[in-house]
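*Asks:* Make a model of this:
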Amino acid sequence: LRGLTRAVRGAHPDHVIGAAPGLVAARALGWPGQKISVARLPRAVHRALDVSFTLAELLALGVAEDLPAAPAPGDTAAVLFTSGSTGPAKGVVYTHAQLSAVAHALHAQYGVGLGTGLVAGFAPFALLGPALGARSVTPDMDVTSPKTLTATAVAAAVAAIDATVVFLSPAALANVVATEAALTPADHRALAGVRSFLSAGAPVAEPLLAGAARLMPRASAHTPYGMTEGLLMTDITLDGIRDAAPISLADLAGPGGVCVGRPAATTRIRISALDLAGAATGELSDAAGVTGEIVVSAPHTLDHYSRLWLTDRAARRGAVAGERWHRSGDVGHFDSAGRLWIEGRLPHVIQTATGVLTPVGPEQRVEGVAEIARAAVVGVGPAGTQQPVAVVETRPPAH
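*Replies:* Model (predicted):
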């Protein structure tokens, strides 16, 4: 709630439109903006929550007939906030032209557009679906708790609109695969009609994506890579992940990481090599085997960070042939086949006495031990002489 309140106050909305739980939070936490309820409320509740109107009252007043002029391409369309997992959530501003470019990128990459049946178990795509002209439905779940989504709920959503595209977060997907035993023959028939399946928001392991492919046997399984500042940067299929899997000890001894495939149709990606202090100071390059910060350029990246001038300036790299490049904060490398591998976050790079070490590869090797469920490799000690330390969760759990 503290982070959400910081984000809302930072965006400084003129209006807050919500159901009762959101309006209670707005009242209790002092969010700015006129309060508008999506449902009729008892008069006492109406007053207690400082509600000015309901949507029905606005329609009755004829407000809908006096809409402002259509926005220009350069006008602000949305402020999307980052998760706040690596610091205070940042407001990411998109113009109407940039959101249109997001729609174009999704259509070019996956064919999502007018008339497509889309099941969106991932909040951003629940918003983007209608903007793309897709028939969109969110399955029966608590969208703030992805693990509440079940396989039967996904099947029911698919059947409701004859969906051909399904988009789920990795956390939601894990529970969908875990509850597949509850599916009925009718559920299986509905899921067999899906043609494309996508999961993004965090790295998706091959076994989890394979589980989704088992549930949707005719679907092409994809896991795109992106961020709030650019929702679709690269794409890889389940077959692509299997092709990129290490096949020798020499491969395992390399930097490792999570393969996220090749740049999407409208995207360019470069690497800025790390120096001995772990800073991304190298020139932008697409050479294979160079570990550094991932820098992206696409028509559908953000316009700027809201009210964060220094952050916005620090996130930009110089323009090349009219392009603006955005620093992702992720670290990775290209392989010889032009595929991008994610090795961790820039602030998590470990500065040892023998050079920099990115965390994801060592974490993968530690997690290869049968008794280890999850691992995080961190640096302990002064920068330049840090010691890598693995923090692990065991299987079964240690007490």
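
*Asks:* and Leu310, what element?
*Replies:* Per DSSP states H and E: Leu310 is located in helix 309-314.

*Asks:* pull the CA atoms of that helix into PDB?
*Replies:* What follows is helix 309-314, C-alpha atoms only, in PDB (Å, rounded to 0.1, in the frame of the first residue of the first chain):
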ATOM      1  CA  TRP A 309      14.500  13.800 -14.800                       C
ATOM      2  CA  LEU A 310      17.800  12.400 -13.500                       C
ATOM      3  CA  THR A 311      16.600   8.800 -13.800                       C
ATOM      4  CA  ASP A 312      15.400   9.500 -17.300                       C
ATOM      5  CA  ARG A 313      18.700  11.100 -18.300                       C
ATOM      6  CA  ALA A 314      20.700   8.200 -16.800                       C
END
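
*Asks:* Residues contacting that helix, please?
*Replies:* By CB atoms under 8 Å, 6 or more residues apart in numbering, the residues outside helix 309-314 that reach it are Lys90, His304, Tyr305, Arg327. Where C-beta positions appear, they are placed from N, C-alpha and C, glycine not excepted.

*Asks:* May I ask which of those has the most neighbours?
*Replies:* Highest neighbour count within the contacts of helix 309-314, by other CB atoms under 10 Å: Lys90, with 24 neighbours.

*Asks:* got the phi/psi numbers for that one?
*Replies:* Note on Lys90: its backbone torsions stand at phi -110, psi 140 [degrees, to the nearest 10].

*Asks:* What's the separation between it and Val51?
*Replies:* Applying CB to CB, to the nearest Å, the value for Lys90 to Val51 is 30 Å.

*Asks:* Same check on Leu310?
*Replies:* Counting by CB to CB - Leu310 and Val51 are separated by 38 Å.

*Asks:* Compare the two (neighbour count), which wins?
*Replies:* A count of neighbours by other CB under 10 Å puts Val51 above the other of Leu310 and Val51, at 21 against 8.

*Asks:* Which positions in the helix holding Leu310 come out as buried?
*Replies:* Residues Asp312 are the ones in helix 309-314 that count as buried (16 or more other CB atoms under 10 Å).

*Asks:* from the contacts of helix 309-314, which single one is nearest Ala265?
*Replies:* The nearest member of the contacts of helix 309-314 to Ala265, counting by CB to CB, is Arg327 at 22.0 Å.

*Asks:* Please verify my assumption that that closest one contacts Arg317.
*Replies:* Yes - in this structure, Arg327 is within contact of Arg317 by CB atoms under 8 Å, at 6.2 Å.

*Asks:* Find the residues that touch each one of those two.
*Replies:* Shared contacts of Arg327 and Arg317, defined by CB under 8 Å, 6+ apart, are found at Ser272, Val295.

*Asks:* in the stretch 101-250 of the chain, which segments are predicted with low confidence?
*Replies:* Filtered on pLDDT under 70, the stretch 101-250 of the chain yields the residue ranges 246-250.

*Asks:* Counting by contacts, list what the strand ranked longest in the chain packs against.
*Replies:* The residue-count maximum for a strand in the chain (DSSP state E) belongs to strand 323-334. If you count contacts as 3 or more CB pairs under 8 Å, 6 or more residues apart in numbering; DSSP states H and E, strand 323-334 packs onto strand 230-235, strand 268-274, strand 280-285, strand 292-297, strand 316-320, strand 340-345.

*Asks:* try 10 Å
*Replies:* In terms of contacts (3 or more CB pairs under 10 Å, 6 or more residues apart in numbering; DSSP states H and E), strand 323-334 is packed against strand 225-227, strand 230-235, strand 258-263, strand 268-274, strand 280-285, strand 292-297, strand 316-320, strand 340-345.

*Asks:* sorry, back to before: how far does the helix holding Leu310 sit from its chain's centre?
*Replies:* 22 Å (CA atoms, centre = their mean, to the nearest Å).

*Asks:* and the contacts of helix 309-314 as TSV, adding pLDDT and distance to Leu1?
*Replies:* As requested, these are exported to TSV (pLDDT from 0 to 100; distance: CB to CB, whole Å):
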residue	pLDDT	distance to Leu1
Lys90	90	18
His304	94	27
Tyr305	94	22
Arg327	95	30
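
*Asks:* and those as JSON lines, adding distance to Ala370?
*Replies:* Putting the contacts of helix 309-314 into JSON lines (distance: CB to CB, whole Å) gives the following:
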{"residue": "Lys90", "distance to Ala370": "40"}
{"residue": "His304", "distance to Ala370": "48"}
{"residue": "Tyr305", "distance to Ala370": "44"}
{"residue": "Arg327", "distance to Ala370": "38"}
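
*Asks:* nearest to Ala77, of the residues you listed?
*Replies:* Proximity of the contacts of helix 309-314 to Ala77, judged by CB to CB, is greatest for His304, which lies at 13.0 Å.

*Asks:* which residue ranges form the helices in the stretch 51-200 of the chain?
*Replies:* 55-60, 96-110, 123-131, 151-161, 170-178, 185-191 (DSSP state H, counting those that start in this stretch).
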